[in-house]
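Chemist: The sequence isn't on hand, but the structure is:
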């Protein structure tokens with residue numbers, strides 16, 4: 001593991017302490033699982049493992065924030081007003097990065113973008129963003145129908161893994177008649193050809 005994260009000016013132990021104070025124990029365990037998967041994926045696919053580690057550690061930092069916090073951040077930073085029509089599933093990434101900038105001084109655009117889209121995907125994703133997106137889905141603590149197949153795909157081809165996860169996400173939301181974030185449709189259309 002990495003001892004120091006210069007992007008946030010904190011040692012690993014100090015960063016983990018800050019994160020653990022902001023989330024419940026089960027969420028913290030998930031975060032560590034995502035980090036483990038992200039580092040392995042990063043090493044396999046030639047992505048900076050240090051950045052993958054930090055992105056994974058921070059990806060759910062805002063998952064348990066109050067709705068009012070997100071709504072205030074949308075106003076404070078003049079973000080797209082449409083964001084107010086969504087909820088924490090979207091906010092903790094899309095809006096949460098602004099809190100991470102405030103709380104940690106994080107300015108690395110690649111890490112911030114990976115965290116921003118880790119739940120929704122995008123038609124254009126850096127290799128780091130793909131690693132985080134997939135790691136969040138396949139980490140060892142996940143247990144849902146299809147996760148074993150998702151893990152197999154992840155170790156075979158990163159773009160296929162993004163396509164597979166996005167296909168499953170769209171299907172899951174559609175079956176439950178839930179609204180699908182527009183960027184997720186764009187990701188589906190951009191990556192689905194990798195499964196053909």
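Modeler: Thanks, I have it. Given the structure is predicted, the values throughout are model-derived calculations rather than measurements. Numbers count the residues shown, from 1 in each chain.

Chemist: Could you tell me which residues within stretch 19-30 count as buried?
Modeler: Neighbour-count burial for stretch 19-30, counted by 16 or more other C-beta atoms under 10 Å, picks out 19, 22, 23, 27, 28, 30. Heads up, the C-betas are built off the backbone N, CA and C, glycines and all.

Chemist: repeat for stretch 138-145
Modeler: Residues 138, 139, 142 are the ones in stretch 138-145 that count as buried (16+ other C-beta under 10 Å).

Chemist: Could you export those as JSON lines, including secondary structure, distance to residue 6 and pLDDT?
Modeler: Converted to JSON lines, those look like this (DSSP: H, G, I helix; E, B strand; the rest coil; distance: C-beta to C-beta, whole Å; pLDDT from 0 to 100):
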{"residue": "138", "secondary structure": "helix", "distance to residue 6": "28", "pLDDT": "98"}
{"residue": "139", "secondary structure": "coil", "distance to residue 6": "25", "pLDDT": "98"}
{"residue": "142", "secondary structure": "coil", "distance to residue 6": "30", "pLDDT": "96"}
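
Chemist: Adding distance to residue 2, write the residues you listed out as CSV.
Modeler: CSV is the format used below for the buried residues of stretch 138-145 (distance: C-beta to C-beta, whole Å):
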residue, distance to residue 2
138, 21
139, 18
142, 24
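
Chemist: which one of the residues you listed sits closest to residue 92?
Modeler: Residue 92 has its nearest neighbour among those in residue 139, at 16.4 Å by C-beta to C-beta.

Chemist: how many other residues sit next to residue 12?
Modeler: Residues within reach of residue 12, counting by other C-beta atoms under 10 Å, total 15.

Chemist: what about it, distance to residue 80?
Modeler: Counting by C-beta to C-beta, to the nearest Å, the separation of residue 12 from residue 80 is 34 Å.

Chemist: what's the nearest residue to residue 94 if we skip its chain neighbours?
Modeler: Of all residues beyond its chain neighbours, the one nearest residue 94 is residue 116 (5.7 Å), with distances taken as C-beta to C-beta, 6 or more residues apart in numbering.

Chemist: What residues does that neighbour make contact with?
Modeler: Counting by C-beta atoms under 8 Å, 6 or more residues apart in numbering, residue 116 touches 93, 94, 96, 97.

Chemist: Counting neighbours, which of those residues comes out on top?
Modeler: Highest neighbour count within these: residue 96, with 27 neighbours (other C-beta under 10 Å).

Chemist: leaving aside the residues next to it on the chain, what's closest to that one?
Modeler: Among residues not flanking residue 96 along the chain, residue 62 sits closest, at 3.2 Å (C-beta to C-beta, 6+ apart).
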